[in-house]
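K.L.:
sequence below, structure please.
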Amino acid sequence: MAREPLRAAHRFIVFAGLALAVACLYWGREVLIPIALAVLISFALSPLVSGLQRTGMRRGVAVAAVVTVALLAALGLGWAVLRQVTTFADDLPRYRQTITRKINEIQRVGTAGTLSKVQDTAEDVLKQLDKPGNGAQRPVPVVLSESPLWRIPSLVSALITGFMVLVLVIFMLVQQRELIARVIRLFGYERMAATTRLLQEAGVRISGYLLMQGTVNACFGLGVGVGLFLIGLPFALALGCLAAVLRFLPYVGPWLAALLPVAISLAVFDGWTRPLMIMGLFAVTELAVAFVIEPLVYGRRAGVSAIALLVAAAFWTWLWGPIGLALATPLTVCLVVVSRAVAGLEFIEVLMSDDPPVQPSLTFYQRVLAGDAAEATAVVAETARASSLEAAFDAVVAPALARARRDMETDQLSRDEYHRILDLVRGLIADVPAPEPAPAVTLPPHTRTAVMGCALRDEADALGLAMLNRLLEPLGGEMPIVTGSGLVGEALAEVEAARPTVACVGAIGSGGRRRMRHLVKRLRQSESATFIMTARWGAGPARGIRVELAATGADETAASLTEARAGILRRLHQERPS
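P.N.:
Numbers count the residues shown, from 1 in each chain. Alright, predicted model coming up:
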């Protein structure tokens, strides 16, 4: 109980630290945005610098060469795009007639509808406002023309930011080794291995993401540019580059990139055919890139779930504006990687990582608790398709049954809830589809009952045997099950009446060791010719289970349904009549 206040204080400190960090990110965005841009550009260029170093070039010379080529390429592409944009602005008055014709067509479509009513109402209101009233003087609007000199501060600020980013990139690339040493010193030398692994993972993920995303976006921009050129739209180069850049914005970028070409086509071309062709071009290109090129290029994912990327895009846009939207994915990747190594931030990885949040057995148990039979069946069926039905029973259903019994014994579940869960699982065991066809091997014929199951305690153990029976059904076997809720003598009487070749004493989870040893001993005394198998499912590591089961004195033990089925088949084939 004394630890609860400490845990609450720890949670408060973590929350307060996150709130302070968000506030600092917002207030310091003028300084932090150039640093973030420089860090990401350094991640993108670092593999190129390392490649030149491996050829024998000194690091300073390699950095100078890579930065110079990248800067010249960016300036050249920017100049070409700016020239096309300027040409379009100069030619815009020529397209005034086409734009006016398009507007008139839209107005004619809405002449008899809601648009005309709104237009008539607006005209009436304007006429009433134009009437002179009681000698009142109408105010004269004053229009102030904006001087081009007012734009100088924003232009100077942009140039200073760009120069700062360039300088930071050069120093980060040149002093990369010193920066890594400082980060290791910051985290502490006793955590050098974890910090080194963290930095390597962050570098690989972010550099790989930027390289692959840049390749994919370049393909998208190339396809759009070529398509626009073939359609006949002017300024195809600038629009293709704009499409490639905007696609860095997650999810919304391609469709934002389509707005400007469609708007230009409405101004340039008569009719509606080519604007519709441009919309189709963007749709087809995006589908081809998303479903063909991206699966081929991406060797590994960014490590962040899709929902987390959407939330991160909204968060960074609110925090830093459009630049934050463009940097949302790499910044979120950095955050997820750092959260794995910093104590107290593990919840960020749980919420945002693309790793499965919980084990399938826990997901199945949660669905069963909620009474959602369809979703619970889907979890088992998905695991069965990925491996096999017995693996699904072993890895999903059996651990969930063991957890349900443990929750009932600790009063987290009432008996009514517990029995409702067992009823739901009983129907699921019978209805879940088996992905694999029936195997060719079958059980040999026997003159007496081949296999009989003895549940150790309650209905949960009987459900474990029911899963084993389901696995034996395709082989041509059927296993009667003796419930374990009564006395040991009652179970012995049913086994003596059936005289099975194999008697399987099965249990879900742990517990009942004394009862299992007693039951095996009584079976050995009354049915010496019966092969006795003891089995536990969903009880944890198999090694410890086998040691425990071996102490019962049974002929064979099984720590999984797969082992139990294999042991039964092996024994029945040995007992095959001649």
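
K.L.:
ramachandran coordinates for residue 537?
P.N.:
Backbone torsions of residue 537, given as degrees, to the nearest 10, read phi -130, psi 140.

K.L.:
got a list of what it touches?
P.N.:
393, 394, 398, 402, 464, 467, 506, 507, 508, 559, 560, 561 (Cβ atoms under 8 Å, 6 or more residues apart in numbering). Backbone N, C-alpha and C define where each C-beta goes, glycine included.

K.L.:
would you list these in CSV and tack on distance to residue 82?
P.N.:
Formatted as CSV, the contacts of residue 537 follow (distance: Cβ to Cβ, whole Å):
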residue, distance to residue 82
393, 65
394, 64
398, 66
402, 67
464, 72
467, 69
506, 76
507, 76
508, 71
559, 70
560, 67
561, 69
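
K.L.:
now the strands for this structure?
P.N.:
Taking DSSP state E, the strands of the chain run over residues 451-455, 481-482, 502-508, 531-537, 556-558.

K.L.:
just the buried residues of the contacts of residue 537.
P.N.:
Buried members of the contacts of residue 537, scored by 16 or more other Cβ atoms under 10 Å, are 393, 394, 398, 402, 464, 467, 506, 507, 508, 559, 560, 561.

K.L.:
picking that back up, looking at the strands of the chain, which is nearest to residue 72?
P.N.:
strand 531-537 (66.4 Å; Cβ to Cβ).

K.L.:
and the closest one with strand 502-508, angle?
P.N.:
20 degrees (axes from the mean of the first three to the mean of the last three Cα atoms, to 10 degrees).

K.L.:
so for the closest residue to residue 430 other than its chain neighbours, what pLDDT did the model give?
P.N.:
Ranked by Cβ to Cβ, 6 or more residues apart in numbering and with sequence neighbours excluded, the top spatial neighbour of residue 430 is residue 470, at 7.3 Å. At residue 470, the model reports a pLDDT of 88.

K.L.:
picking up where we left off before, so which of the strands of the chain gets nearest residue 37?
P.N.:
strand 531-537 (55.1 Å).

K.L.:
centre of the chain to that closest one, how far?
P.N.:
Distance, stretch centre to chain centre, for strand 531-537: 40 Å (Cα atoms, centre = their mean, to the nearest Å).

K.L.:
got the buried residues for that strand?
P.N.:
If you call a residue buried by 16+ other Cβ under 10 Å, then strand 531-537 has these buried ones: 531, 532, 533, 534, 535, 536, 537.

K.L.:
again with stretch 50-60
P.N.:
Neighbour-count burial for stretch 50-60, counted by 16+ other Cβ under 10 Å, picks out 52, 59.

K.L.:
centre of the chain to that stretch, how far?
P.N.:
Remark: stretch 50-60 is offset 37 Å from the chain centroid, using Cα atoms, centre = their mean.

K.L.:
residues contacting it, please?
P.N.:
Against stretch 50-60 from outside (Cβ under 8 Å, 6+ apart): 49, 61, 62, 65, 66, 174.

K.L.:
quote the end-to-end distance of it.
P.N.:
One end of stretch 50-60 to the other measures 11 Å (Cα to Cα, to the nearest Å).

K.L.:
for it, what is the average pLDDT?
P.N.:
Computed over stretch 50-60, the average pLDDT equals 86.

K.L.:
how about stretch 195-215?
P.N.:
74.

K.L.:
now that stretch, how far from the centre of its chain.
P.N.:
Per Cα atoms, centre = their mean, the centroid offset for stretch 195-215 relative to its chain is 18 Å.

K.L.:
likewise for stretch 452-470?
P.N.:
Here stretch 452-470 is found 37 Å from its chain centre; the criterion is Cα atoms, centre = their mean.

K.L.:
likewise stretch 335-352?
P.N.:
Relative to the mean C-alpha coordinate of its chain, stretch 335-352 is positioned 15 Å out (Cα atoms, centre = their mean).

K.L.:
offset the numbering so it begins at 17, please.
P.N.:
Fine by me, first position is 17 from now on; the one you just mentioned is stretch 351-368.

K.L.:
lowest average confidence, helix or strand, in this structure?
P.N.:
Least confident helix or strand of the chain, by mean pLDDT, DSSP states H and E, is helix 130-146 with a mean of 55.

K.L.:
any idea how far residue 393 is from residue 99?
P.N.:
According to Cβ to Cβ, to the nearest Å, residue 393 and residue 99 sit 62 Å apart.

K.L.:
just checking, residue 421 touches residue 434?
P.N.:
Yes. The criterion here is Cβ atoms under 8 Å, and residue 421 meets it with residue 434 at 7.5 Å.

K.L.:
neighbour-wise, which of those two wins?
P.N.:
Neighbours were counted for residue 421 and for residue 434 using other Cβ atoms under 10 Å; residue 421 has more, 24 against 19.

K.L.:
the residue lying closest to the more buried one once chain neighbours are set aside: neighbouring residues, count only.
P.N.:
In this structure, residue 421 finds its nearest non-sequential neighbour in residue 476, 5.2 Å apart by Cβ to Cβ, 6+ apart. Neighbourhood size, residue 476 [other Cβ under 10 Å]: 24.

K.L.:
name the residue in residue 393 and residue 99 with the higher neighbour count.
P.N.:
residue 393 (18 against 13).

K.L.:
does the more buried one touch residue 445 like I think?
P.N.:
No. Using Cβ under 8 Å, residue 393 is not in contact with residue 445, being 10.1 Å away.
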